[in-house]
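1. okay, sequence plus prediction incoming.
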Amino acid sequence: MEEIAKRFKKLRNQQNLTLKEISDKTGLSISFLSQVERGTSSLAITSLKKIADALNVPINYFFESWGNQNYHIRVKDVELFSIEGKSAQYGRMAGEFSGRTMEPLMVIMEPGQNLGQVFSHPGEEFCYVLEGTLLVNLDGNEYLVEAGDSFHFPSTLPHQLMNLSNDQKCKILSVTTPVIF
């Protein structure tokens with residue numbers, strides 16, 4: 001969170017924007033943005049995306065840079081990371097190139113874990129369950145998705161993913177649009 005706070009403040013100052021102007025562009029409160037800038041508030045990925053859009057940068061500006069010039073992603077090179085407020089681990093499976101429209105991620109959920117509250121966002125999602133069993137709440141309907149199964153939906157529908165197992169991780173290949181990292 002500290003690195004995000006530093007980069008947010010630096011970019012906001014470089015662009016001579018006030019917290020009020022960022023608030024007007026994002027719909028986020030000035031006090032919340034101030035807490036984010038000081039690193040004293042957790043930050044949902046949807047809020048970070050709003051801030052990135054307001055500052056005209058890709059969301060990955062706020063994370064450690066990582067690039068793959070060969071377009072070949074080796075499993076040994078995928079670094080897992082966590083997102084503030086989310087209990088899962090994520091691994092970027094994408095190369096870096098201009099015009100990229102998909103965000104492939106490896107998502108690892110511990111037993112009993114969910115990916116937070118029901119939410120929606122622009123774009124679409126495709127998920128393929130590699131290991132474990134996942135309960136998907138999609139627009140009020142529940143689906144049990146097992147290893148080898150997939151699901152694909154407009155992410156504007158309210159959704160939540162949960163690992164129901166008490167003893168097995170759930171590993172998912174997730175491809176979303178738009179690009180978020």
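-> Arrived safely.
2. residues near residue 129, how many?
-> Neighbour count for residue 129, taken as other Cβ atoms under 10 Å: 22. Every residue, glycine included, has its C-beta placed from N, CA and C.
3. for residue 2, same thing?
-> Residue neighbour count, defined by other Cβ under 10 Å, stands at 8 for residue 2.
4. now do residue 148
-> By other Cβ under 10 Å, 9 other residues sit near residue 148.
5. give the buried residues for stretch 26-44.
-> With burial defined by 16 or more other Cβ atoms under 10 Å, the residues of stretch 26-44 counted as buried are 26, 28, 33, 36-37, 39, 41, 43.
6. contact partners of the worst-scoring helix or strand of the chain on mean pLDDT?
-> For the chain, scoring each helix and strand by mean pLDDT, DSSP states H and E identifies strand 80-81 as the least confident one, at a mean of 84. Residues outside strand 80-81 that contact it (Cβ atoms under 8 Å, 6 or more residues apart in numbering): 63, 89-91, 106, 108.
7. domain assignment for the protein?
-> The record's domain parsing of the chain by automatic domain parsing lists 2-62, 75-177.
8. report the contact partners of residue 61.
-> Residue 61 neighbours (Cβ under 8 Å, 6+ apart): 7, 11, 52, 55.
9. ditto for residue 126
-> 150-152, 174-176.
10. would you map the helices across this protein?
-> Along the chain, counting by DSSP state H, helices occupy 2-14, 19-26, 30-38, 45-54.
11. how about residues contacting the longest one?
-> By Cβ under 8 Å, 6+ apart, the surrounding residues in contact with helix 2-14 are 19, 22, 36-39, 43, 48, 51, 55, 57, 61-64, 84.
12. cool, stretch 145-165 as well?
-> Residues outside stretch 145-165 that contact it (Cβ under 8 Å, 6+ apart): 109-140, 143, 169-170, 172, 176.
13. tell me the spacing between the residue sitting furthest away from the middle of the chain and residue 8.
-> Taking Cα atoms, centre = their mean as the measure, the residue most remote from the mean C-alpha position of the chain is residue 16, 27.5 Å away. Distance, residue 16 to residue 8, using Cβ to Cβ, to the nearest Å: 14 Å.
14. same deal with residue 53?
-> Relative to residue 8, and taking Cβ to Cβ, residue 53 is found at 13 Å.
15. so for those two, which sits in the more crowded spot?
-> Applying other Cβ under 10 Å to residue 53 and residue 8 shows that residue 8 carries more neighbours, namely 23 against 13.
16. in terms of pLDDT, where does residue 98 sit?
-> The model reports residue 98 with a pLDDT of 64.
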